[in-house]
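S.K.: 3D, please:
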Amino acid sequence: MSYSVELHQVGMTFGATRAVDDVTFIVEGGEFFSILGPSGCGKTTILRMIAGFLQPTEGRILIGGRDMAGLGPNQRPTAMIFQSLALFPLMPVWENIAFGLEARGASKAERRRKADELLKLIALEGFGDRMPGELSGGQRQRVAIARALAVEPQVLLLDEPLSALDLKLRQHMRAELRALQKRTGVTFIYITHDQSEALAMSDRIAVMSAGVLQQVGAPRDLYDNPATPFVATFVGETNAISGKVMAVENGIASVETGLGVLRGRAGPGVSAGQGAKLYVRPEALVPGAGGDNTLSASIERIDFEGAFALAHGRFDDGAALIASIPSTDLSSAPEIGSRASFGFASSHAVVLPDG
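M.R.: Predicted coordinates for the structure are as follows:
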């Protein structure tokens with residue numbers, strides 16, 4: 001059985017810097033859990049505290065229900081994969097994989113057997129006698145994962161392991177990592193600043209900003225139901241329109257804006273009379289007037305992205321508009337330099353308090 005990981009009111013301070021502030025969440029055993037946020041938000045600090053490289057300033061970390069206070073990395077049921085991979089260049093692949101077993105006193109025959117077993121698991125059977133320099137970037141990534149799995153951790157910690165790969169290889173490795181996690185059943189805690197990466201792979205995601213946990217949820221829930229303005233803008237593209245809440249009825253907030261009265265689902269803490277923003281995703285905007293709401297903007301450019309095109313425009317108040325148009329509907333795309341209208345349903349927008 002894979003172990004759960006619990007953080008209870010965990011904080012970390014470096015001198016005058018508050019890197020992690022009162023973070024609480026639970027990762028279930030066997031879950032693929034990602035921590036998502038921009039550089040400097042505290043996500044790697046959290047990972048290093050779970051691994052035992054750092055001791056939290058306050059709070060508790062439990063792995064498999066056991067308090068990890070005072071236990072170093074070699075005393076925890078975890079393994080960590082760093083961004084650099086750190087393979088030994090003068091060691092063949094199988095010895096790289098079995099390195100942790102040698103430190104535990106396993107015989108050469110046992111180490112080779114385990115390495116070959118893991119090479120089969122990562123679809124590199126027969127590659128054991130090659131040197132790391134003879135492998136592609138994706139293959140080296142898989143070897144690093146196999147080396148971490150060789151010591152049979154209950155929790156695997158991954159610190160932005162795909163960031164050095166090119167786009168196509170990153171997309172391929174996402175699918176491989178997800179499939180490998182499902183095959184092994186090991187709890188994965190994955191650090192990334194790439195929201196598309198987190199959305200594609202994770203069972204659940206914790207979104208961090210400036211050391212503060214903003215929201216934890218399934219990828220679709222974070223995307224459709226952001227709880228804070230930071231989550232609304234960081235997880236995916238969105239249009240943010242400022243205004244003042246006029247009324248909240250049956251879960252729908254009416255917002256008076258410089259573009260007219262707009263309506264969307266009332267998010268947490270929304271009440272009449274307060275400043276707020278309405279957030280609507282680019283794909284929710286349909287060219288032409290329609291739905292419960294209509295926006296009008298001057299179109300500045302159209303970016304063709306393959307499966308869809310992005311129409312970029314400007315509202316009368318100077319705020320930016322972005323609308324997604326499927327490639328199959330490009331005949332309905334507005335002309336550059338024209339004035340265009342877009343409609344959207346209230347159910348496809350969310351209203352959140354300012355700040």
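S.K.: in stretch 56-66, what's buried?
M.R.: Residues of stretch 56-66 classed as buried by neighbour count (16 or more other C-beta atoms under 10 Å): 56, 59, 61-64. Every residue, glycine included, has its C-beta placed from N, CA and C.
S.K.: what distance separates that stretch from the centre of its chain?
M.R.: Distance of stretch 56-66 from the chain centroid (C-alpha atoms, centre = their mean, to the nearest Å) equals 23 Å.
S.K.: contacts for that stretch, please.
M.R.: 3-13, 20, 22-24, 29, 49-50, 67-69, 76-78, 154-155 (C-beta atoms under 8 Å, 6 or more residues apart in numbering).
S.K.: can you measure across it, start residue to end residue?
M.R.: Distance across stretch 56-66, first residue to last, is 16 Å (C-alpha to C-alpha, to the nearest Å).
S.K.: what of stretch 187-206?
M.R.: Counting by C-alpha to C-alpha, you get 15 Å between the two ends of stretch 187-206.
S.K.: OK, contacts around Val350?
M.R.: Taking C-beta under 8 Å, 6+ apart, one finds 225-226, 232, 264-265, 267, 278-279 in contact with Val350.
S.K.: quick one, helices of this structure?
M.R.: 43-51, 93-103, 108-121, 137-150, 167-184, 195-201, 219-224, 229-234 (DSSP state H).
S.K.: out of these, which comes closest to Ser84?
M.R.: Nearest to Ser84 among those is helix 137-150; the distance by C-beta to C-beta comes to 9.3 Å.
S.K.: returning to that earlier point: and the two most separated of the contacts of Val350?
M.R.: So, the contacts of Val350 by C-beta to C-beta: farthest apart are Asn225 and Leu278, at 14.3 Å.
S.K.: of those two, who's got more company?
M.R.: Neighbour count, other C-beta atoms under 10 Å: between Asn225 and Leu278, Leu278 has more, with 29 against 16.
S.K.: quick check: pLDDT value at the more buried one.
M.R.: Note for Leu278: predicted pLDDT of 96.
S.K.: wait, it touches Ser346, no?
M.R.: No: here Leu278 does not reach Ser346: they are 9.6 Å apart, not a contact under C-beta atoms under 8 Å.
S.K.: domains in the chain, by residue range?
M.R.: Domain segmentation of the chain under automatic domain parsing yields 5-224, 237-353.
S.K.: pull out the buried residues from the contacts of Val350.
M.R.: 225-226, 232, 264-265, 267, 278-279.
S.K.: among those residues, which are located in strands?
M.R.: Among the buried ones among the contacts of Val350, DSSP state E puts 264-265, 278-279 in strands.
S.K.: export those to CSV and tack on distance to Gly258?
M.R.: What follows is those, written out as CSV (distance: C-beta to C-beta, whole Å):
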residue, distance to Gly258
Gly264, 16
Arg265, 21
Leu278, 12
Tyr279, 16
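S.K.: ok, back up a step: among the buried residues of stretch 56-66, which lie within strands?
M.R.: Short answer: those in strands (DSSP E) are 59, 61-63.
S.K.: what sits against Arg130?
M.R.: With C-beta under 8 Å, 6+ apart, Arg130 has these contacts: 92-93.
S.K.: please tell me how far it sits from Ile97.
M.R.: In this structure, Arg130 lies at 12 Å from Ile97, with C-beta to C-beta, to the nearest Å as the measure.
S.K.: likewise Arg112?
M.R.: 10 Å.
S.K.: list residues touching both of these two?
M.R.: Gly128.
S.K.: contact partners for the residue positioned nearest the centre of the chain?
M.R.: The centroid of the chain falls nearest to Ala198 when counting by C-alpha atoms, centre = their mean (3.0 Å). Residues in contact with Ala198 (C-beta under 8 Å, 6+ apart) are 34, 36, 190, 192, 205, 219.
S.K.: could you check the pLDDT of the closest residue in space to Ser4 that isn't next to it in sequence?
M.R.: Nearest residue to Ser4, sequence neighbours excluded (C-beta to C-beta, 6 or more residues apart in numbering): Gly29, at 4.7 Å. In this prediction, Gly29 carries a pLDDT score of 95.
S.K.: how about Gly29, phi and psi?
M.R.: phi -60, psi 130 (degrees, to the nearest 10).
S.K.: is it in contact with Thr187, as I believe?
M.R.: Yes: counting by C-beta under 8 Å, Gly29 sits close enough to Thr187 to count as a contact (5.6 Å).
S.K.: overlap in contacts, those two.
M.R.: Common neighbours of Gly29 and Thr187 (C-beta under 8 Å, 6+ apart) are 2-4, 154.
S.K.: from those, which is closest to Gly273?
M.R.: Ser4 (42.8 Å).
S.K.: low-confidence ranges in the protein?
M.R.: The chain contains residues with pLDDT under 70 at 1, 164.
S.K.: buried residues of stretch 180-197, list them for me.
M.R.: Neighbour-count burial for stretch 180-197 flags 180-181, 184, 186-193, 195, 197 (criterion: 16+ other C-beta under 10 Å).
S.K.: again, but for stretch 158-166
M.R.: Along stretch 158-166, these residues count as buried under the neighbour rule (16+ other C-beta under 10 Å): 158-162, 165.
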